[in-house]
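# structure of the sequence below:
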Amino acid sequence: MKNLKKLFVAFIAMVTTISCGDPELPVELFPEMQYGAYARKMSQEGKFNFYDIAGSSVDMHVEYYDEAQGANIAEFDIDVEYVDVVGGGASSIARTNFRTISASEFQVNSDGYLSNDISLGFTATLAAVGATESDITGGNYFRYWFTITKTDGTVYDYNNTGPNLQSSNAFGALFRLNVSIVCPSSLEGTFNAVTVGWCGLTSASNSFEWVKSGAENLYAVVGGDFSYGAYFSCYGGWTGVPAGNLKVQDACGILSPTGASQWSEVYEFNDISTANGNADLIIDWVNDYGESGVSTLSNWSGGNWPDLN
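Residues are numbered from 1 along each chain as shown. Just a heads-up that it's a prediction; the model follows:
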């Protein structure tokens, strides 16, 4: 790793007359970039949890490289924008400044390079773009832009840095970073369910279980009874169940059915609500065969159900 760092510093320190696309070089060099500079992300941890904004951050350790081991870098600017992919861009917020890190904040690390720790806080990011919790949606993301300004006024950013330098794992230049707003989902567990079916009959209370299936936010019903007892009561004790690949999807608190039954029936949730202090989760469902029901899920092993839609 140290050899890679030294190799890159040697290249950016050269007064080059080499063309941009020389296949022998590990990075692209532009004629006007005699002495380049970049920041390298050495580590990253954390996430933006939609349900814990105040406690969420993405923390990185960054090293700075130029022909003088980062000594000719004056500042490191961070901008941020909010990208609304869920709403097709309707709620996107334009790029604005998040923070400027001056060279006086750099510290020499054990490898002899200037570096520092950078924390991208969820709360601070909202403040930077002028948004509140009600303005954002899980599944969207913040995009951070990083710009280096050297002491001679030369600026290096995403637009004037070659893709080889940005995409290479060896160099990992930090000029742009997307941080998604995630919604951890933990709805797995057992519960009792009673369903008023399309036939007007109410099922007996039976035990069911949701288990994660295929993704963090997808849940299958163990045993495949997506009717939560309605088939048994409405079909005179028949033990058949919808089965297939039906699952419940939790998209940041919005529940919806995915997949289809073994007979290719597709389900919809007309309404989701909670009752009795979130002790009960009520699902009003229907499928395209005409079967429907209102299922009340209670005594969930996770305690009270979270607020869901």
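# got the contact list for K247?
Contacts of K247 were listed using Cβ atoms under 8 Å, 6 or more residues apart in numbering, and they are 213-214, 218-220, 257-259. To be clear about C-beta, it is placed using only N, CA and C from the backbone, and glycine gets the same treatment.
# and the gap between A127 and V241?
A127 sits 50 Å away from V241, going by Cβ to Cβ, to the nearest Å.
# got it, and N160?
The value you get for N160 to V241, if Cβ to Cβ is used, is 60 Å.
# look at those two and report which has more neighbours.
The residue with more neighbours, out of N160 and V241, is V241; 19 against 14, by other Cβ atoms under 10 Å.
# does H61 touch D111 like I think?
No: using Cβ atoms under 8 Å, H61 makes no contact with D111, being 11.4 Å away.
# between those two, which one's more packed in?
When neighbours are counted by other Cβ under 10 Å, H61 and D111 differ, and H61 comes out ahead with 15 against 12.
# before we move on, back to that, quick check on the contacts of K247: which are buried?
Among these, those buried by neighbour count (16 or more other Cβ atoms under 10 Å) are 218-220, 257, 259.
# which residues are in contact with the nearest residue to D66 once chain neighbours are set aside?
Once flanking residues are discounted, D66 sits nearest to A37: 3.9 Å by Cβ to Cβ, 6 or more residues apart in numbering. Each residue near A37 by Cβ under 8 Å, 6+ apart is listed here: 12, 64-66, 70, 72-73, 148, 150, 154, 156.
# in the chain, where's the longest strand?
Scanning the chain for the strand with the most residues, using DSSP state E, yields strand 37-49.
# burial count for D157?
16.
# beta partners for Y64?
A39 (DSSP bridges).
# I'd say it and E75 touch.
No: at 10.5 Å, Y64 does not count as touching E75 under the criterion of Cβ under 8 Å.
# beyond whichever strand or helix holds N116, next helix or strand please.
Per DSSP states H and E, N116 falls inside strand 114-121. On the C-terminal side of strand 114-121, the nearest following helix or strand under DSSP H and E is helix 122-129.
# in that next one, which residues are buried?
Neighbour counts over helix 122-129 (16+ other Cβ under 10 Å) mark 122, 125-126, 128-129 as buried.
# and stretch 254-273, by the same measure?
For stretch 254-273, by 16+ other Cβ under 10 Å, it's 255, 257, 259-261, 265, 267, 269, 272.
# returning to what we had before: any chance of CSV for the contacts of A37, columns distance to L174, neighbour count and pLDDT?
Conversion of those to CSV gives the following (distance: Cβ to Cβ, whole Å; neighbours: other Cβ atoms under 10 Å; pLDDT from 0 to 100):
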residue, distance to L174, neighbour count, pLDDT
I12, 16, 19, 47
Y64, 10, 23, 95
Y65, 11, 22, 92
D66, 14, 23, 90
G70, 13, 23, 88
N72, 18, 16, 94
I73, 13, 25, 95
I148, 9, 25, 96
K150, 16, 19, 95
T154, 17, 19, 94
Y156, 11, 22, 94
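# closest to G189 among the residues you listed?
Y64 (48.0 Å; Cβ to Cβ).
# for the stretch 51-200 of the chain, give me the ranges with low pLDDT.
For the stretch 51-200 of the chain, the stretches flagged by pLDDT under 70 are 162-171.
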